[in-house]
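A.B. asks: Got a predicted structure plus its sequence, pasted below:
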Amino acid sequence: MGSTEFVSAIFGDALIIIVNMVAVLIVPSLVVGLIVSIFQAATQINEQTLSFLPRLLVTLAMLGFSGPWMLRSLGDIFARLFHDIPILIG
């Protein structure tokens with residue numbers, strides 16, 4: 001395998017892992033923010049902390065729930081990268 005194909009494969013895998021990690025943290029926060037915004041529009045309550053606090057709690061809960069998976073994924077990609085350094089060097 002050529003080095004450019006090898007590097008692009010590693011880069012592609014890393015990009016997929018990053019997108020998955022960000023999606024796991026951001027999507028639930030966006031859903032909760034949408035629900036809170038609908039509630040605020042229906043009740044005409046314009047309190048900023050009412051929007052911030054639930055999103056913060058959901059993000060922290062998702063970080064606690066998916067943290068081991070995230071660390072394992074990062075560990076796997078770094079282990080693969082360090083294992084493949086001799087192949088990249090030649």
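C.D. replies: Yes, it's here. All values derive from a computational prediction rather than experimental measurement.
A.B. asks: got any ranges where the protein has weak pLDDT?
C.D. replies: Within the chain, the segments meeting pLDDT under 70 span 1-2.
A.B. asks: how about the helices in it?
C.D. replies: In the chain, the helices defined using DSSP state H lie at 3-43, 48-83, 85-89.
A.B. asks: possible to save the ones you listed as a markdown table with mean neighbour count?
C.D. replies: Using the backbone N, CA and C atoms, a C-beta is placed for each residue, glycine as well. Output for those, formatted as a markdown table (neighbours: other CB atoms under 10 Å):
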| stretch | mean neighbour count |
| --- | --- |
| helix 3-43 | 13 |
| helix 48-83 | 12 |
| helix 85-89 | 9 |
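A.B. asks: who's in contact with stretch 9-18?
C.D. replies: Applying CB atoms under 8 Å, 6 or more residues apart in numbering, the external contacts of stretch 9-18 come out as 73-74, 77, 80-81, 84.
A.B. asks: repeat that with 6 Å
C.D. replies: With CB atoms under 6 Å, 6 or more residues apart in numbering as the test, stretch 9-18 has contacts from 73, 77.
A.B. asks: Same check on stretch 71-90?
C.D. replies: For stretch 71-90, contacts defined as CB under 6 Å, 6+ apart pick out 14, 17.
A.B. asks: change it to 7 Å
C.D. replies: 3, 6, 10, 13-14, 17 (CB atoms under 7 Å, 6 or more residues apart in numbering).
A.B. asks: before we move on, what about stretch 22-40?
C.D. replies: Under the contact criterion CB under 7 Å, 6+ apart, stretch 22-40 has outside partners 46, 50-51, 54-55, 58-59, 62-63, 66.
A.B. asks: where's Arg80 relative to Glu47, distance?
C.D. replies: Arg80 is 47 Å from Glu47, where distance means CB to CB, to the nearest Å.
A.B. asks: repeat for Ile87
C.D. replies: The gap separating Ile87 from Glu47 is 56 Å, by CB to CB.
A.B. asks: what does Ser29 give?
C.D. replies: Going from Ser29 to Glu47 by CB to CB gives 18 Å.
A.B. asks: before we move on, what about Val32?
C.D. replies: Between Val32 and Glu47 the computed distance is 15 Å (CB to CB).
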